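Student: The following comprises the amino acid sequence and a computationally predicted model.
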Amino acid sequence: ILNVEQSPQSLHVQEGDSTNFTCSFPSSNFYALHWYRWETAKSPEALFVMTLNGDEKKKGRISATLNTKEGYSYLYIKGSQPEDSATYLCALYYGGATNKLIFGTGTLLAVQP
Amino acid sequence: GAVVSQHPSRVICKSGTSVKIECRSLDFQATTMFWYRQFPKKSLMLMATSNEGSKATYEQGVEKDKFLINHASLTLSTLTVTSAHPEDSSFYICSASSGPGDTQYFGPGTRLTVL
């Protein structure tokens, strides 16, 4: 059974703080890792799809790194803003005949103004 | 990114009735659509994967006669919760993808409450 874990479960930071959180997964089953941002009352929004060990992707103040050998990915937010408040989900692409994703439980980020 | 709509956003029904939820990809052709269920404080749990024109593939433990999935076109998939009971109350969310490993684009979800 694939298990994707995220930590911390929740995080409270002040506006302007930089923050990061972790997604861990079994390295032996890696095909691709997806990051999503899910704001309350909205659809989850795709942030990154990462496939290669050592990948680093960036979108504005948000960036992510990937280590497939040790089975983790970090998501960084530089200079957090209140609008960054959301749940950040990672999902492991399982591969095979379907493009099935196994989701972590998410990290809930609250940015205080 | 691509837009996926889901309707209704919220539904309250009596026990024993059936509820249909629609998932539409508005600006791309979705080869595959996925249906997830989220329990409180839990991750998104995949219920089934549906490919256009073929039968859905259900995850272990999901009753296919209880949760009927139809994917009649490349832009529409429906989930019907048949003879709903209070334990079916949950948040249901769909996603659509155009290929294996590609980004999944999510709808906004449907909150189902069965009285």
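Tutor: Cool, the structure landed.
Student: mind listing what's buried in the strand or helix carrying A:His12?
Tutor: Under DSSP states H and E, the secondary-structure element containing A:His12 is strand A:10-14. If you call a residue buried by 16 or more other CB atoms under 10 Å in any protein chain shown, then strand A:10-14 has these buried ones: A:11, A:13. For glycine as for every other residue, the C-beta is placed from the backbone atoms N, C-alpha and C.
Student: do stretch B:107-115 as well
Tutor: When neighbours are counted by 16+ other CB under 10 Å, the buried residues of stretch B:107-115 are found to be B:107, B:109-110, B:112, B:114.
Student: do the same with stretch A:36-51
Tutor: If you call a residue buried by 16+ other CB under 10 Å, then stretch A:36-51 has these buried ones: A:36-38, A:43-44, A:46-50.
Student: And the strands in the chain, which stretches?
Tutor: All of this refers to chain A. For chain A, applying DSSP state E gives strands covering A:5-7, A:10-14, A:19-24, A:32-38, A:45-50, A:56-59, A:62-67, A:72-77, A:86-93, A:101-103, A:107-112.
Student: wait, I meant chain B there
Tutor: According to DSSP E, the strands that chain B contains are B:4-7, B:10-13, B:19-25, B:32-38, B:44-51, B:57-58, B:67-73, B:76-81, B:90-97, B:105-106, B:110-114.
Student: hmm, back to that, just checking, what packs against the strand holding A:His12?
Tutor: Applying 3 or more CB pairs under 8 Å, 6 or more residues apart in numbering or on different chains; DSSP states H and E, one finds that strand A:10-14 contacts strand A:19-24, strand A:107-112.
Student: Name the residues of the first one that are buried.
Tutor: To tie it back to what came earlier, the one meant is strand A:19-24. Neighbour counts using 16+ other CB under 10 Å place A:19, A:21, A:23-24 of strand A:19-24 among the buried residues.
Student: Out of those residues, the closest to B:Gln38 would be?
Tutor: The nearest member of these to B:Gln38, counting by CB to CB, is A:Cys23 at 17.8 Å.
Student: picking up where we left off before, with pLDDT added, can I get the buried residues of stretch A:36-51 in a markdown table?
Tutor: Putting the buried residues of stretch A:36-51 into a markdown table (pLDDT from 0 to 100) gives the following:
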| residue | pLDDT |
| --- | --- |
| A:Tyr36 | 96 |
| A:Arg37 | 96 |
| A:Trp38 | 94 |
| A:Ser43 | 91 |
| A:Pro44 | 92 |
| A:Ala46 | 93 |
| A:Leu47 | 95 |
| A:Phe48 | 94 |
| A:Val49 | 92 |
| A:Met50 | 94 |
